[in-house]
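Undergrad: how does the following fold in three dimensions:
(one chain, ligands or ions: 1)
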Amino acid sequence: MGNVLVINQEIFKDLVTQEEAIQIVESAFTQLHENKSIVFPAVRQLIEEHNGIFGIKSSYLIDEKSVGLKAGGFWKANGSKGKANHQSTMLLLDPETGEPMCLLDANHLTSLRTGAAGAVAAKYLARSVSKTVTLIGAGLQARSQLSALLQMFPIEEVVVFSQTEESSRKLAEEIGQKGIAARYTDCPQKAVEQADIVVTTTPSFSPVIKSSWLREGTHVNAMGSDTKGKRELEIDRAFDIVVCDLWEQSTSMGELQNAEPETPYLEIGQLTSKEKPGRQSAHEITLFDSTGVAVQDLSVALHVYRRAKELGVGVTVEL
Ligand SMILES: NC(=O)c1ccc[n+]([C@@H]2O[C@H](COP(=O)([O-])OP(=O)(O)OC[C@H]3O[C@@H](n4cnc5c(N)ncnc54)[C@H](O)[C@@H]3O)[C@@H](O)[C@H]2O)c1
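TA: Just a heads-up that it's a prediction; the model follows:
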C-alpha cells in the first residue's frame, strides 16, 4: 500500500474558509447536475445496539478524477459523553489504482459543507433582503447554518426554538455575544411566523413546524432529515417552490419522504447551473430539502487535500 496523508481537524480548519466552501459546494451541485460527477447509493442504517445511525456517502468527480467516501453517522448519546453526535471520517482514493491517498477528519467538513449547502440554497430561494432567521434546533448544524447565512444576508435578528430551553438559551446568548439581536421562545409557531428564513436542524422523527404557520416570502432550509423516518415539517400548505439536493435521497431519507408523490420539484443544481430560476417574487414560500450529497464532501475534501500537499502539512503514514 502507498503513503496516506492524514489531515486532522486543526489542520483542516486552516485549509478552507467558509466562503471557499460555499463556492466549492455551489460548483459541486452544478457539476452533479451537468453529469460531471457520479453519486453512488448512500448507506444510512440504524445500529440499534449502539443507538447510532451508520452511513457511507461516496462519489466520483469526473473532471477532477477524484474518488472518495465519507463514513460515520449520527450517535445520539454522544452528547452525554462530551462528544459530537456526528462522527465522520473521509477517505480519498487514487482513482487509477484504488490505493488510499488521504484520510481526513470530517466532523468539521460535515458542518462546513452543510452550512454551505444551506447558504447556496438561500442565495437562490430566500429574499435578498432577509433580515430575520429562525433556527429550529440549537446544535452543531444550527450554528454552522447561521454562520454561513451571515456571509450572504443582512441578518439583524435570530430567533431560536429547540427541544430544551437550556439549549435554546445557550445558542441565543452565543449569537447575542456576536452583536446580533437574538431571543428564544418555547413556541415553534411564534418562532417561525415572522421569519424571513427558517432553518430546521433537528434529528426529529415527527413534525416540529407546519408550513401553514409561515408568512408570505419565507424560505425554509430543512436540513435535519437525512435518514429514513426523520421528519421536521408538516406540509399542510403547499410550498410555491420545492427544491431538494438529490431527489433519490430526498424521497428516501429527506423531508420529501412525506411529500405528495406528484409534488413538483427542482434539484439545487438546476438553480446553480442557471437552468431554472429560483425565487421569482417576494410572495413565494419556498423550501430547500437537504440530505447531504457525497459530492459536497468530496469537493471540499479534495480542495483541502490539494492545499495540504502544496503547503506540505499533515502527517504521511505508510500503510
Ligand atoms: N442535511 C445534511 O446534509 C445534514 C448534515 C449534518 C447533519 N444533518 C442532520 O441534522 C440534524 C442535526 O444535527 P446536529 O449535528 O446539529 O445535532 P445536534 O445534536 O448537535 O443538535 C440537534 C438539536 O435539535 C434539538 N432537537 C432535537 N429534537 C428536537 C425536536 N423534536 N424539536 C426541537 N428541537 C429538537 C436538540 O435540542 C439540539 O439542539 C441531524 O438529524 C443530522 O443527522 C443533516
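
Undergrad: need the contact list for the nearest residue to Asp226 once chain neighbours are set aside.
TA: Of all residues not flanking Asp226 in the chain, Thr291 sits nearest, at 4.8 Å (Cβ to Cβ, 6 or more residues apart in numbering). C-beta here means a position set from N, CA and C on the backbone, and glycine is covered the same way. Residues counted as contacts of Thr291 (Cβ atoms under 8 Å, 6 or more residues apart in numbering) are 42, 225-226, 244-246, 249-250, 253-254.

Undergrad: so how far does stretch 28-41 reach from one end to the other?
TA: From its first residue to its last, stretch 28-41 covers 17 Å (Cα to Cα, to the nearest Å).

Undergrad: please apply the same query to stretch 53-69.
TA: 16 Å.

Undergrad: can you count the residues close to the closest residue in space to Ser128 that isn't next to it in sequence?
TA: Nearest in space to Ser128, with sequence neighbours left out and distances taken as Cβ to Cβ, 6+ apart, is Phe153 at 7.4 Å. Residues near Phe153, counting by other Cβ atoms under 10 Å, number 21.

Undergrad: Phe153 contacts Thr132, doesn't it?
TA: No: between Phe153 and Thr132 there is no contact under Cβ atoms under 8 Å: 9.7 Å.

Undergrad: which residues do the two both contact?
TA: Contacts common to Phe153 and Thr132, judged by Cβ under 8 Å, 6+ apart, are 196-197.

Undergrad: quick one on the thing from earlier: relative to the ligand, which of the contacts of Thr291 is nearest.
TA: Asp226 (4.2 Å; Cβ to the nearest ligand atom).

Undergrad: per-residue confidence for the closest residue to the ligand within the stretch 101-250 of the chain?
TA: Per Cβ to the nearest ligand atom, Gly139 is where the stretch 101-250 of the chain lies closest to the ligand, at 1.9 Å. We have a pLDDT of 94 for Gly139.

Undergrad: once you drop chain neighbours, what's closest to it?
TA: Thr201 (6.5 Å).

Undergrad: check contacts around the one you found.
TA: Counted by Cβ under 8 Å, 6+ apart, Thr201 has contacts 135-137, 139, 141-142, 145, 223-224.

Undergrad: can you do 6 Å?
TA: 137, 141-142, 223-224 (Cβ atoms under 6 Å, 6 or more residues apart in numbering).

Undergrad: of those, which is the most crowded?
TA: Met223 (29 neighbours).

Undergrad: need the contact list for that residue.
TA: Met223 makes contact with 118, 141, 201, 290 under the criterion Cβ under 6 Å, 6+ apart.

Undergrad: with Leu69 instead?
TA: 56, 58, 91.

Undergrad: tell me how far the residue of the stretch 101-250 of the chain closest to the ligand lies from Gly79.
TA: For Gly139, the distance to Gly79 equals 8 Å [Cβ to Cβ, to the nearest Å].

Undergrad: tell me which parts of the stretch 151-300 of the chain are close to the ligand?
TA: Within reach of the ligand by Cβ under 6 Å from any ligand atom, the stretch 151-300 of the chain has these residues: 162-164, 167, 201-204, 208, 223-224, 226, 230, 290-292.

Undergrad: what about the residue of the stretch 201-319 of the chain found nearest the ligand, how many neighbours?
TA: Closest to the ligand within the stretch 201-319 of the chain is Gly292: 2.5 Å, counting by Cβ to the nearest ligand atom. For Gly292, the tally of surrounding residues (other Cβ under 10 Å) stands at 22.

Undergrad: can you work out which other helices and strands pack against the host helix or strand of Thr114?
TA: Counting by DSSP states H and E, the element that carries Thr114 is helix 107-125. When contacts are defined as 3 or more Cβ pairs under 6 Å, 6 or more residues apart in numbering; DSSP states H and E, helix 107-125 packs onto helix 9-15, helix 18-33, strand 86-93, helix 140-149, strand 219-222, strand 286-289, helix 294-311.

Undergrad: helix or strand next in line after it, which one?
TA: strand 132-136.

Undergrad: hang on, the earlier thing: any quick ChimeraX command for the buried ones out of the contacts of Thr291?
TA: For the buried members of the contacts of Thr291, the matching ChimeraX selection, counting by 16 or more other Cβ atoms under 10 Å, is:
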select :42,225,226,244,245,246,249,250,253,254
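
Undergrad: closest to Pro261 among the contacts of Thr291?
TA: Ser250 (12.7 Å; Cβ to Cβ).

Undergrad: from the chain's centre, how far out does the one helix or strand that closest one maps to sit?
TA: Using DSSP H and E, the element containing Ser250 is helix 247-253. Offset of helix 247-253 from its chain centre (Cα atoms, centre = their mean, to the nearest Å): 14 Å.

Undergrad: please apply the same query to stretch 67-80.
TA: 14 Å.

Undergrad: would you check that Thr286 makes contact with Cys244?
TA: No: using Cβ atoms under 6 Å, Thr286 makes no contact with Cys244, being 12.0 Å away.

Undergrad: which strands or helices does the helix or strand containing Ile56 pack on?
TA: Assigned by DSSP H and E, Ile56 belongs to strand 52-61. Where contact means 3+ Cβ pairs under 6 Å, 6+ apart, strand 52-61 is packed against strand 37-39, strand 43-47, strand 66-75, helix 294-311.
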